[in-house]
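Novice: Build me a structure from this.
(2 chains)
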There are 2 protein chains.
Amino acid sequence: MIGIFDSGIGGLTVVRALMEHLPGYDIIYFGDTARTPYGSKSPKTVIGYSLENTDFLFKKGAKIVITACNTASSVAMESMTERFDMPIFEVITPAVECSIKTSKKLRVGVIGTRATINSGIYEKKIHRMNSKVKVYSVACPLLVPLVEEGWFKKPETTMIVKKYLHPLKTRQIDTLILGCTHYPHLKNIIQKKIGKGVNIIDSSVAVAGKVKDFFKKHPEVCNQISKKGEYRFFVSDITEQLEKTAKALLKKNVLLEEVKI
Amino acid sequence: MIGIFDSGIGGLTVVRALMEHLPGYDIIYFGDTARTPYGSKSPKTVIGYSLENTDFLFKKGAKIVITACNTASSVAMESMTERFDMPIFEVITPAVECSIKTSKKLRVGVIGTRATINSGIYEKKIHRMNSKVKVYSVACPLLVPLVEEGWFKKPETTMIVKKYLHPLKTRQIDTLILGCTHYPHLKNIIQKKIGKGVNIIDSSVAVAGKVKDFFKKHPEVCNQISKKGEYRFFVSDITEQLEKTAKALLKKNVLLEEVKI
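Specialist: The predicted structure follows:
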């Protein structure tokens, strides 16, 4: 199976992208809803949680693990690859590669949680690939709760998005990375407020492409992954609201199974 | 010592009220910042966390424990009093008693997290004391993140508060219970939007009064509590933002100590 974890259910956007780009591959998902969100917590705590989540997925039979959470991708990758001798993917590098390919003006914006933006990871990775790119980052901590409340189209959400994007707008970026799996749900408002000319990069789609490429180069890993089109969704806490949101995100009925990590 | 726990540092409003009403009493605080917030999680998960937090405080030498978190007070009290043979206080009953004393029209509003409001606890407790009181409740899940971001005076916050309070305004309440320890920080906006004639009840002040009365009636418990004016603040996760907010809440320097629960 392909293992995926996220701090909550925002990472279902990655599941959706995988279903589209790698149809039929079995997927096991873990959403750490009992300890969500990660974005405002310390690196040490996020690393601890990420190691536990990854361990759970490998023990359940995953052959590769995708860290769908940007915060965990930002701070925990080194600890994860040190601990586990299996392929682990994160959502940052694929988005960075896309941004460098598409930005003509070499002016890239990044939005994410406070932990992701404070880590400076996007800037570091972009500069490692092309030191000429100007990177402008803004932490948008209120967007995750707004998405979780389903306030996709409320005027308050539009105002808050506008306020957050203002500093990027003045920087005349031509590419914007959505550095959080929740943000694709606000893509329309974000596109409207940042301007039509700005290319928006959704890391869930970017990572699905990356995994597809990896399977082409590593058939020995790809062959180990079962392909019965089975999906299992584990979470560390279930609420009614969660079931509703999961259904809305995947546009199908989702059976959530509770597990203690 | 007096033990206090909360899902995060919102419960420091209770510490502040105790410092004022019971000066000199030693206090040990635990904020579960690694697993915050509780308000959107299931009762089962919140009960598990509350038992662990209470156990930690009693083991550290607390002689009474105050559950400063409204969500935990709503769903976990029965399990806590069953498990522990020591005095445990919650923040709901004191606020309910105040509301019944002050409401002349017998029309009371309650705002809180989704878990608190869904539990129906305020309504049940109010009706147990006076079945004639009309209770109107609204879940306000976005107020906690707005407070945690320090957006106390932004126009977006005012708009969101206005939207949440609208159904209560049409009900012509004369008393409003702030059923979440974060909300006192928005008291000015809430007062403005609900109207000057509405009496706002802050549960942190109400619970401090309750503990003071208990000590008068139970000198044998009161005498066990050390009174060196010492305060210790434990949290399950430390970030820079947290230290800033804690300092702002208590209006003094706070040494946060990290502990794994």
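Novice: Chain neighbours aside, what residue packs nearest to whichever residue of the stretch 51-200 of chain A sits closest to chain B?
Specialist: In the stretch 51-200 of chain A, the residue that lies nearest chain B is A:Pro145 (4.4 Å; Cβ to the nearest Cβ). C-beta here means a position set from N, CA and C on the backbone, and glycine is covered the same way. Using Cβ to Cβ, 6 or more residues apart in numbering or on different chains and skipping the chain neighbours, the partner closest in space to A:Pro145 is B:Pro145 (4.4 Å).
Novice: ok, back up a step: residues making contact with the helix or strand hosting the residue of the stretch 51-200 of chain A closest to chain B?
Specialist: Per DSSP states H and E: A:Pro145 is located in helix A:143-148. Contacts with helix A:143-148, where a contact means Cβ atoms under 8 Å, 6 or more residues apart in numbering or on different chains, come from A:8, A:10, A:37, A:39, A:111, A:113, A:156-157, A:160-161, A:164, A:180, A:182-183, A:185-186, A:245, B:40, B:141-142, B:145.
Novice: For chain A, which element, helix or strand, carries the lowest mean pLDDT?
Specialist: helix A:240-250 (a mean of 83; mean pLDDT, DSSP states H and E).
Novice: That one: which residues count as buried?
Specialist: Neighbour counts over helix A:240-250 (16 or more other Cβ atoms under 10 Å in any protein chain shown) mark A:Gln241, A:Leu242, A:Glu243, A:Thr245, A:Ala246, A:Leu249, A:Leu250 as buried.
Novice: contacting residues around the fourth one?
Specialist: By Cβ under 8 Å, 6+ apart, the contact list for A:Thr245 reads A:Ile9, A:Glu148, A:Gly150.
Novice: separation between it and B:Lys196?
Specialist: Distance of A:Thr245 to B:Lys196, given as Cβ to Cβ, to the nearest Å: 38 Å.
Novice: hmm, stretch A:226-243 in reach of chain B?
Specialist: Yes. Using Cβ under 8 Å from any Cβ of the partner chain, stretch A:226-243 reaches chain B at A:Ser236, A:Asp237, A:Ile238, A:Thr239, A:Gln241.
Novice: Can you give me the end-to-end span of that stretch?
Specialist: Distance between the two ends of stretch A:226-243: 26 Å, counting by Cα to Cα, to the nearest Å.
Novice: Excluding residues flanking it in the chain, which one is nearest A:Arg83?
Specialist: A:Leu51 (5.8 Å).
Novice: same for the helix or strand hosting that neighbour, what does it pack against?
Specialist: According to DSSP H and E, A:Leu51 maps onto helix A:43-59. On a contact count with 3 or more Cβ pairs under 8 Å, 6 or more residues apart in numbering or on different chains; DSSP states H and E, helix A:43-59 meets strand A:2-6, strand A:27-31, strand A:64-67, helix A:70-75, helix A:77-83, helix A:114-119.
Novice: picking that back up, now the element after the helix holding A:Pro145, going C-ward?
Specialist: Criterion used, DSSP H and E; the element after helix A:143-148 is helix A:155-169.
Novice: which of the residues in that next one are buried?
Specialist: A:Glu156, A:Thr157, A:Thr158, A:Met159, A:Ile160, A:Val161, A:Lys162, A:Lys163, A:Tyr164, A:Leu165, A:Leu168.
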